[in-house]
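Q: Next one to model:
(chains A and B)
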Amino acid sequence: MKNNVKRELPAELMAALNYKGFESTDIGHPDIQRVAPKVHVTTGEDKVVDSIVDVVKATVKDGMTISFHHHFRNGDFVFNQVMRAIIDEGIQDLTLAPSSLTGIMNDMVVEAIKAGTVTNITSSGMRGSLGDFVSHGGLKNPVIFRSHGNRARAIEHGDIKIDVAFLGVPNADKLGNANGMAGKAVFGSLGYALMDAQYADQVVLLTDNLATYPNTPASIKQTQVDYVVKIDQVGDPDKIGSGATRFTKDPKELKIAQTVNDVIVNSPYFKNGFSFQTGSGGAALAVTRYLRQAMLDNQIKASFALGGITKPTTDLLAEGLVDKIMDVQDFDRGAAESMQSNPNQQEIDASWYADPDNKGAMVDQLDVAILSALEIDTDYNVNVMSGSDGVIRGAIGGHQDAATAKLTIISAPLVRGRLATIVPAVTTVVTPGDSIDVVVTEYGIAINPQRQDLIEALSHVPGVPVYTIDQLQQLAEKKVGTPKPLEFTDRTVAMIEYRDGTIIDTIKEVKD
Amino acid sequence: MEIKTTAIAGTLESSDIQIMLMAGQDGIQIDLESDVIKQFGNQIKQVITTTLQQLNIDNVKVRAVDKGALDCVIKARTIAAAQRALAQTTPAWEVL
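A: Numbering: from 1, shown residues only, chains lettered A, B, ... in the order given. As a prediction, this is how the structure comes out:
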């Protein structure tokens, strides 16, 4: 069977897992029944425990689903300690359902799979040794990849039923009131973890900073928490994000950023009260700088900035060029500190951010989204998940979700080394071409033919050559040559959900 | 042409290729390391082989470490390494 982005899906597996193929980016207006967690009633006097092993023994059983958040990124000290205890207890057959998996967790996950402790994984992404292990068939059951908004949807639906959530926090009081802003290893918004705190049957907080009761502001509340574990250190502050944000000097990235800015400024959306989301890459950070100047020059202010927040964006807030920041995640210390000091930087959970099955998510209100890509094809489909060798090395993040913006711009170099970024067909479809409006490269832009209004608005911008996507693809191929097609086995190692829970593509085991 | 000395050209910077030529007896033998070996391995070897043949080098051991170089770069580095390996002071212009 083929879905609506022309991907052949494995019929047997689709039936076994009760999946439908991707049809449309239109969510419609279905009526949804959400689930509710089980509550073990307590007055809260006995929540504090000293030992991870004791809390693992009390909570985790064979066959359960456990979760973590990835707000500490590569500075995470919580995941590996908890997983060590779980593996050593000999627990089997767990489903691992973190908001995402970062590099520091890779080796522990591989060990847990080999020990039979983990037999299913759902995540936003994976990279490095774990991606390699899974792509070579190391996990029997396929990994399910979900965007941040889709993870929220899946938790609310009960598709992901979390039995125990282990959530590291830089502060918490004895009953579990906690936030991500104060303490040693601060990361700002707890956006992704708030879903786990709200929907898991058992919530275990781990902290190195037991605050005086009652601890405020409380992002995670005492009404949600079963245990508070005191540990030595929850994370390495230096590895959570970059201390000082780097402004790229790469002329190619600057050219791309400048062109992205030209596209935004000449679009019908650049007017007072517009909203935008940028990523954290070098080009995205540079876009924010160009956009700042354009906003000053044209006396235009934004109503809100959304998504993963960096210091250049919080600088716009401080300067009054942006009214509000709706903050699901902070990528650097500057952004995390700003959240503590500036009341106009609102912490939002993943459901509020991007859940499609909602009474209105922030992404539905978004005007402009600037996103990156590993590959884009001539149908405008985007891959952010598998490398050019077919191996898993990426994450959906909020890509599918933010791409529903009114103007979705993909910024990417035409070629990376010897690899074309614009290709006849992407290795893995993550975000459907229907969501993508403009592709920006250092050579020029391509506009999705579905957007005649943008073709008219952007066809005569000085210094911005407009090509068809086929022309850009041919230009790339002329430079690098025609690659030999990748070889895969028939075995499915991962399935990519679209944000509505249908299957947009699968990843097969690589043949070496 | 005989390889007179082991010679090297190119760097390990991205988009470059480092080519090392050593004396050999058994045709053109290429040991290639590349991140894009799955997609472009054959083509990289083909460019190196053709360039060496044009320079009349028939017996040589090649060690190539590719960092995503384009064909023109691979050819240029191969010619430079060959010129050094043959201890030539002027390029073989007719091949360029």
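Q: does A:Phe276 sit in a helix, a strand or a coil?
A: strand (DSSP: H, G, I helix; E, B strand; the rest coil).
Q: and the closest residue to it other than its chain neighbours, how many neighbours?
A: Excluding the flanking residues, the one nearest A:Phe276 by CB to CB, 6 or more residues apart in numbering or on different chains is A:Val368, at 4.2 Å. C-beta: built from backbone N, CA, C; applies to glycine. Neighbour count of A:Val368, defined by other CB atoms under 10 Å in any protein chain shown: 26.
Q: longest helix anywhere in chain B?
A: helix B:37-54 (DSSP state H).
Q: Need the pLDDT of the residue nearest to A:Phe276.
A: Predicted confidence (pLDDT) for A:Val368: 98.
Q: Please name the bridge partners of it.
A: A:Val368 has the following beta-bridge partners by DSSP bridges: A:Phe276, A:Leu407.
Q: Could you do A:Ala420 as well?
A: A:Val415.
Q: give me the residue from chain B nearest chain A.
A: Chain A sits closest to B:Gly68 of chain B, with a gap of 2.5 Å, by CB to the nearest CB.
Q: Which residue is the nearest non-sequential neighbour of A:Asp505?
A: A:Val429 (4.2 Å).
Q: Okay, the one you found and A:Arg499: tell me how far apart.
A: 13 Å (CB to CB, to the nearest Å).
Q: Tell me where chain B has strands.
A: Under the criterion DSSP state E, chain B contains strands at B:7-9, B:17-23, B:28-34, B:60-66.
Q: Paired strands for the third one, with orientation please.
A: According to DSSP bridges, the neighbouring strands of strand B:28-34, each with its direction, are strand B:60-66 (parallel).
Q: Just want the angle from the strand it pairs with to helix B:37-54.
A: Angle, strand B:60-66 to helix B:37-54, by axes from the mean of the first three to the mean of the last three CA atoms, to 10 degrees: 140 degrees.
Q: which parts of chain A sit against chain B?
A: A:388-390, A:416-419, A:479-481, A:483-484, A:486-487 (CB under 8 Å from any CB of the partner chain).
Q: residues from chain B in reach of chain A?
A: So chain B meets chain A at B:14-15, B:35-36, B:38-43, B:66-71 (CB under 8 Å from any CB).
Q: Could you identify the most distant pair in those?
A: B:Ser14 and B:Asn42 (21.4 Å; CB to CB).
Q: which stretches of the chain have low pLDDT?
A: Since you didn't name a chain, this refers to chain A. In the predicted model, chain A carries pLDDT under 70 at residues A:242-246.
Q: try chain B instead
A: Looking at chain B by pLDDT under 70, you get an empty list.
Q: Nearest residue to the middle of it?
A: Closest to where the C-alpha atoms of chain B average out (CA atoms, centre = their mean) is B:Thr78, at 3.2 Å.
Q: neighbour-wise, which of the residues of chain A next to chain B leads?
A: A:Arg418 (28 neighbours).
Q: Leaving out chain neighbours, which residue sits closest to that one?
A: B:Gly68 (4.1 Å).
Q: ok so, going back, buried subset of the residues of chain B next to chain A, written for ChimeraX?
A: Filtering the residues of chain B next to chain A down to the buried ones (16 or more other CB atoms under 10 Å in any protein chain shown) takes a single ChimeraX command:
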select /B:35,36,38,39,40,41,43,66,67,68,69,70,71
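Q: Nearest to A:Asn448, out of the residues of chain B next to chain A: which one, please.
A: The closest of those, once distances to A:Asn448 are taken by CB to CB, is B:Gln39, at 27.2 Å.
Q: what does stretch A:126-137 contact?
A: Residues outside stretch A:126-137 that contact it (CB atoms under 8 Å, 6 or more residues apart in numbering or on different chains): A:100-101, A:103, A:105-107, A:109-110, A:113, A:121, A:139, A:143, A:386, A:390-395, A:489, A:491, A:493-494, A:507, A:509-510, A:512.
Q: List only buried entries from these.
A: Here, 16+ other CB under 10 Å leaves A:100-101, A:103, A:105-106, A:109-110, A:113, A:121, A:139, A:143, A:386, A:390-395, A:493-494, A:507, A:509-510 buried among the contacts of stretch A:126-137.
Q: Can you pick out the ones from those that are in helices?
A: Those of the buried ones among the contacts of stretch A:126-137 lying in helices (DSSP H): A:Asn106, A:Val109, A:Val110, A:Ile113.
Q: what about the third one, distance to chain B?
A: Translated: A:Val110. 22 Å (CB to the nearest CB, to the nearest Å).
Q: Not counting residues beside it along the chain, what's closest to that residue?
A: Counting by CB to CB, 6+ apart, the residue nearest A:Val110 is A:Phe133, at 5.1 Å.
Q: Number of residues surrounding the one you found?
A: Neighbours of A:Phe133 using other CB under 10 Å come to 21.
Q: same deal with A:Gly320?
A: Using other CB under 10 Å: A:Gly320 sits among 9 other residues.
Q: how much space between it and A:Met326?
A: 17 Å.
Q: now the strands for the stretch 51-200 of chain A?
A: Counting by DSSP state E, counting those that start in this stretch, the stretch 51-200 of chain A has strands at residues A:65-67, A:94-96, A:118-123, A:125-126, A:143-145, A:164-169, A:171-172, A:178-179.
Q: With respect to A:Val78, which of these lies nearest?
A: strand A:164-169 (3.4 Å).
Q: From the contact counts, what lies against the closest one?
A: Counting contacts by 3 or more CB pairs under 8 Å, 6 or more residues apart in numbering or on different chains; DSSP states H and E, strand A:164-169 is packed against strand A:65-67, helix A:78-88, helix A:193-199, strand A:202-207.
Q: Out of the residues of chain B next to chain A, which is nearest to A:Lys239?
A: Using CB to CB, the residues of chain B next to chain A come closest to A:Lys239 at B:Ser14, 24.7 Å.
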